[in-house]
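Undergrad: here's my sequence, what's the structure:
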Amino acid sequence: MIIRGRVPLSVAALVTVALAGGAQAAQGATAQRATSGTDAARAAQTRTVYGFARPDGAGAMIVSPRKATRKGKRYRLTPIASAKEVRVTFDASVDYRRVTTACDLKETEGAVAVDAKGLGTTRCTDEDLEFTLGLGPVPVMVTYDPSTGAATRAREFLYPPDDPVAAFGTASLGGRGVVTFTPYKVRRVPTMGYAFGKKAGAPITLPYNGKVVFYRTGRSCKDNSQQPTSADRNGLGTRPCTAADLTRALRAIKPMQVKVEYLTASRELMEIREVFPCQGDICG
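TA: Below you'll find the predicted structure:
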């Protein structure tokens, strides 16, 4: 018999205590496995996508997927031909982190906050995400639940400077803050402008915001007569207008012949010029 203070503790009692302790340990291990299993199940239910995000109303964004290849602390992004855009919602529960050292900065200002994988580390809120989306397409890694479309986390990342591309084609309104651009082959006719020929590729989505520069050919930014009042000798618009004017024009003219300049990786629309169509037999 073992004596603990003044209370005798029999071997049988020790065995009972040991068995009870073992049962509790087993229950704890089972509970831990169950929790781990739940976490694994939740992880299996989520999806992660890299790409550029743009706003789609309050508490929502559309992500255009890209193939992301990390080199150091930056990512090279290339389009995925078969990928479809994903609409994701978010609220105060989203774990959002920026590459800037503060949540309210428009640019990095020469100092970045990223981890070893090049993902942002500055913890910010859903309101900060709304602010960032308003600045233009955001390079971001998003994890979301495909059954609900709700984002659980979003991480900004850095990518090499974008190169602009210029192209002729037709533009139509593809949604809120989006131009659907179809490239066309054109032929320049001296002193007459540009003659549009055959399609030169599949339609692409070009998001735009308040920074876009829109040049019209008419007498004013609201003139939809498509006259060369404000055009150069090639028929390209020269009257500077706003993003709101662009939206109105795209609603009125379906489609509009244009020349665009956009960034390669993000496809953000930087400049769009209305084109006055070349007139006469020489343009056919």
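Undergrad: use CA for all of it now, contacts and neighbours both
TA: Noted.
Undergrad: and residue 224, which of the three is it?
TA: Put simply, residue 224 is coil when judged by DSSP: H, G, I helix; E, B strand; the rest coil.
Undergrad: residue contacts, it?
TA: 218, 249, 252-253 (Cα atoms under 8 Å, 6 or more residues apart in numbering).
Undergrad: can you rerun that using 7 Å?
TA: 218, 249 (Cα atoms under 7 Å, 6 or more residues apart in numbering).
Undergrad: could you do residue 73 as well?
TA: Here residue 73 is in contact with 117-118 (Cα under 7 Å, 6+ apart).
Undergrad: repeat that with 6 Å
TA: Residue 73 makes contacts with residue 118, as judged by Cα atoms under 6 Å, 6 or more residues apart in numbering.
Undergrad: residue 90 too?
TA: Per Cα under 6 Å, 6+ apart, neighbours of residue 90: 59-60, 150-151.
Undergrad: look up how far residue 63 lies from it.
TA: 13 Å (Cα to Cα, to the nearest Å).
Undergrad: then residue 247?
TA: Taking Cα to Cα, one finds residue 247 at 21 Å from residue 63.
Undergrad: and those two? Which one has more around it.
TA: residue 63 (25 against 18; other Cα atoms under 10 Å).
Undergrad: quick check: phi and psi on the more buried one?
TA: Per-residue torsions, residue 63: phi -110, psi 120 (degrees, to the nearest 10).
Undergrad: likewise for the one 5 residues further on?
TA: Backbone geometry at residue 68, expressed as degrees, to the nearest 10, gives phi -110, psi 120.
Undergrad: ok, now residue 243?
TA: Dihedral angles (degrees, to the nearest 10) for residue 243: phi -60, psi -40.
Undergrad: count the neighbours of it for me.
TA: 16.
Undergrad: touching, it and residue 211? I think so.
TA: No: at 7.5 Å, residue 243 does not count as touching residue 211 under the criterion of Cα atoms under 6 Å.
Undergrad: what residue is smack in the middle of the chain?
TA: In the chain, the C-alpha nearest the mean C-alpha coordinate belongs to residue 53, at 1.3 Å (Cα atoms, centre = their mean).
Undergrad: mind telling me what element residue 187 is part of?
TA: For residue 187, the host element (DSSP states H and E) is strand 178-189.
Undergrad: in that strand, which residues are buried?
TA: 178-184, 186 (16 or more other Cα atoms under 10 Å).
Undergrad: now stretch 122-135
TA: In stretch 122-135, counting by 16+ other Cα under 10 Å, buried: 122-133.
Undergrad: for the protein, what helix or strand is lowest in average pLDDT?
TA: Ranking every helix and strand in the chain by mean pLDDT, DSSP states H and E puts strand 2-4 at the bottom, with a mean of 37.
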